[in-house]
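Novice: Okay, structure incoming, though there's no sequence with it:
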């Protein structure tokens, strides 16, 4: 006869992907958690990720603010216009449904780690999310953190500016719409942007180094 009080084990669904995460305590070990886009010391945080990276089930990590999921966040620019997208009303991430975004982003899975260069991860993610076949120049902009809402509390974004030589860019099925617009037009939709994109728009509007 089996005992009734057997040790319970956490059951992880077989389809749940393992994604790159780092404990919050390591990321913010030497600094207070900032709010917004931090454009300094990108290389330091890459070293922290490399030293303390883990691959844990996404289903669990989405609800655990003790970890930060590492997300490449890619801003496409062509001739002073930016690719502004809108998420589906049925987007898999409920908290972002129907939101506008400047960022093409996604989780880094264990099988994506053929290279430790985050620019390689960024390029892969870009081509997964949109259709684009021309040249790209990739420039790191900074690191996004937003602990003001439940989405931001469990994510950390590495922001890259991808400058292309063609306006021929289009969305794939994960997005509702996408079009190249001026930064002024982006700002007109500011209230409907996800918070990370709001931080990016603020930065683009404030810079005088050619990103506007």
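Specialist: Yes, it's here. Keep in mind it's a predicted model, so treat the numbers as computed, not measured.
Novice: Look through the protein and tell me its longest strand.
Specialist: For the chain, the strand that runs over the most residues, judged by DSSP state E, is strand 67-78.
Novice: Note down every partner strand of the next helix-or-strand element following it and its orientation.
Specialist: The helix or strand immediately downstream of strand 67-78 is strand 81-87, counting by DSSP states H and E. According to DSSP bridges, strand 81-87 forms sheet pairs with strand 67-78 (antiparallel), strand 100-101 (antiparallel), strand 175-181 (antiparallel).
Novice: Would you map the strands across this protein?
Specialist: Ranges of strands in the chain, per DSSP E, are 18-23, 36-38, 54-57, 67-78, 81-87, 100-101, 103-105, 130-131, 136-145, 155-164, 170-171, 175-181.
Novice: Let's have those strands in TSV, adding distance to residue 187, mean neighbour count and mean pLDDT.
Specialist: All C-beta spots, glycine's among them, are computed from the backbone N, C-alpha and C. Converted to TSV, the strands of the chain look like this (distance: least, C-beta to C-beta, whole Å; neighbours: other C-beta atoms under 10 Å; pLDDT from 0 to 100):
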stretch	distance to residue 187	mean neighbour count	mean pLDDT
strand 18-23	32	21	95
strand 36-38	16	19	94
strand 54-57	37	15	95
strand 67-78	14	23	95
strand 81-87	11	21	92
strand 100-101	11	21	91
strand 103-105	16	24	88
strand 130-131	22	15	91
strand 136-145	17	19	92
strand 155-164	17	22	94
strand 170-171	21	14	90
strand 175-181	10	16	88
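Novice: Put together a markdown table for those, with distance to residue 111 on each row.
Specialist: Shown next, in a markdown table, are the strands of the chain (distance: least, C-beta to C-beta, whole Å):
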| stretch | distance to residue 111 |
| --- | --- |
| strand 18-23 | 9 |
| strand 36-38 | 29 |
| strand 54-57 | 10 |
| strand 67-78 | 15 |
| strand 81-87 | 25 |
| strand 100-101 | 25 |
| strand 103-105 | 18 |
| strand 130-131 | 21 |
| strand 136-145 | 22 |
| strand 155-164 | 19 |
| strand 170-171 | 24 |
| strand 175-181 | 23 |
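Novice: Which one of these lies nearest to residue 45?
Specialist: Residue 45 sits nearest to strand 136-145 of all the strands of the chain, at 5.8 Å, using C-beta to C-beta.
Novice: Taking strand 155-164 as reference, get the angle to that closest one.
Specialist: Going by axes from the mean of the first three to the mean of the last three C-alpha atoms, to 10 degrees, strand 136-145 is angled at 160 degrees with respect to strand 155-164.
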